[in-house]
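A.B. asks: Here's a sequence, model it:
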Amino acid sequence: MKIALCDDENSFISQMRELITESGGFDGKAEIYGYESGEELLAAFDKNRFDIVFLDIEMKNINGIDTARKIRETDRNTIIVFFTSHSEYAVSGYEVNAFRYLLKNSPRAYYLHELRSVFAEYRQRHLSYELKTSKAIYSIPIMDIMYFEVYGRTVLLHTVDETYEFSGKLNDITADKRLIGFVKPYKSYYVNMEYIKKIEPKSMVLKNNAVIPVSRMSAQSVAEKYTAYITEGF
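C.D. replies: Numbers count the residues shown, from 1 in each chain. Model prediction:
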């Protein structure tokens with residue numbers, strides 16, 4: 001894993017290096033690079049192709065938002081996390097697919113919690129779910145799974161582009177610790193919250209407009225988990 005820290009305060013870069021190491025969320029296998037301007041980071045990006053980039057929004061010359069825009073021109077997969085001293089800047093990150101913000105001058109425990117969440121997202125993006133159908137054995141990136149649909153011992157795994165049918169049990173799927181960020185809205189469904197567009201009283205609508213039922217008993221729990229997911233991460 002390659003991590004870039006970009007902030008015009010070198011002391012803050014040093015602080016974040018320590019916190020990243022202390023968080024332990026990447027199993028100690030990471031290369032951490034520090035840059036004091038967006039220009040420096042962009043000059044190094046093509047060579048390094050960082051997995052995670054931490055960017056200060058308020059930098060001189062090219063700011064964090066503009067730096068992220070440049071990164072997104074060539075890379076849609078890098079996880080981008082913004083540092084900011086002002087929470088109102090958070091909305092600016094949506095256009096560059098950066099949904100995480102670390103508020104400066106926050107308590108140490110806050111940073112550690114957020115960093116572990118970022119690394120959990122990284123692991124999620126690089127894990128695969130293996131399944132065997134009547135025709136072949138597949139390895140599906142977990143980040144591509146929209147939801148599981150189960151009827152008896154028949155499982156339908158839905159991605160954006162395809163549906164795979166295989167034999168299995170819902171209990172085994174919900175117990176799989178790799179499936180971080182999934183929620184069970186109804187007795188026969190297990191949904192990746194990344195793909196939820198909205199939640200209604202008796203159903204949820206996914207980003208491909210699929211409608212998934214939400215049971216009365218699950219409604220409150222699903223709403224709470226989804227709120228935590230979009231505000232705090234995994």
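A.B. asks: Convert stretch 186-196 to PDB, retaining C-alpha atoms only.
C.D. replies: Taking Å, rounded to 0.1, in the frame of the first residue of the first chain, the C-alpha atoms of stretch 186-196 are listed here in PDB:
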ATOM      1  CA  TYR A 186     -35.200  -8.300   5.000                       C
ATOM      2  CA  LYS A 187     -35.000 -12.000   5.800                       C
ATOM      3  CA  SER A 188     -33.600 -12.900   2.300                       C
ATOM      4  CA  TYR A 189     -31.400  -9.900   1.400                       C
ATOM      5  CA  TYR A 190     -27.900  -8.700   2.400                       C
ATOM      6  CA  VAL A 191     -27.200  -5.300   0.900                       C
ATOM      7  CA  ASN A 192     -23.900  -3.300   0.300                       C
ATOM      8  CA  MET A 193     -24.700   0.100   1.800                       C
ATOM      9  CA  GLU A 194     -22.400   1.700  -0.800                       C
ATOM     10  CA  TYR A 195     -25.100   1.200  -3.400                       C
ATOM     11  CA  ILE A 196     -28.100   2.500  -1.400                       C
END
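A.B. asks: so Lys198 sits in a strand?
C.D. replies: Yes. Lys198 sits within a strand when classified using DSSP: H, G, I helix; E, B strand; the rest coil.
A.B. asks: and the lowest-mean-pLDDT helix or strand in the chain, which residues are buried?
C.D. replies: When each helix and strand of the chain is scored by mean pLDDT, DSSP states H and E, strand 100-103 comes last, with a mean of 80. Buried residues in strand 100-103, counted by 16 or more other Cβ atoms under 10 Å: Arg100, Tyr101, Leu102. (C-beta placed from N, C-alpha, C; glycine too.)
A.B. asks: Direction included, what does it pair up with?
C.D. replies: strand 79-84 (parallel) (DSSP bridges).
A.B. asks: Output the below-cut-off pLDDT ranges for the protein.
C.D. replies: 25-28, 86-99, 231-234 (pLDDT under 70).
A.B. asks: just checking, what's the longest helix in it?
C.D. replies: Identified as the longest helix of the chain according to DSSP state H is helix 108-126.
A.B. asks: I would like the residues contacting it, please.
C.D. replies: Contacts to helix 108-126, defined as Cβ atoms under 8 Å, 6 or more residues apart in numbering, come from residues 1, 16, 19-20, 22-26, 51-52, 77, 79, 81, 100, 102-103, 141-143, 178, 180-181, 232-234.
A.B. asks: Give me the most central residue, this protein.
C.D. replies: In the chain, the residue lying closest to the centroid (Cα atoms, centre = their mean) is Glu121, at 4.0 Å.
A.B. asks: Please report how far it lies from Ala44.
C.D. replies: 23 Å (Cβ to Cβ, to the nearest Å).
A.B. asks: Show me which positions of the helix or strand harbouring Arg72 end up buried.
C.D. replies: According to DSSP states H and E, Arg72 maps onto helix 64-74. Buried positions in helix 64-74, judged by neighbour count with 16+ other Cβ under 10 Å: Gly64, Ile65, Thr67, Ala68, Lys70, Ile71, Arg72.
A.B. asks: just stretch 134-144 next, same as before
C.D. replies: For stretch 134-144, the neighbour count (16+ other Cβ under 10 Å) marks Ile140, Ile142, Met143, Asp144 as buried.
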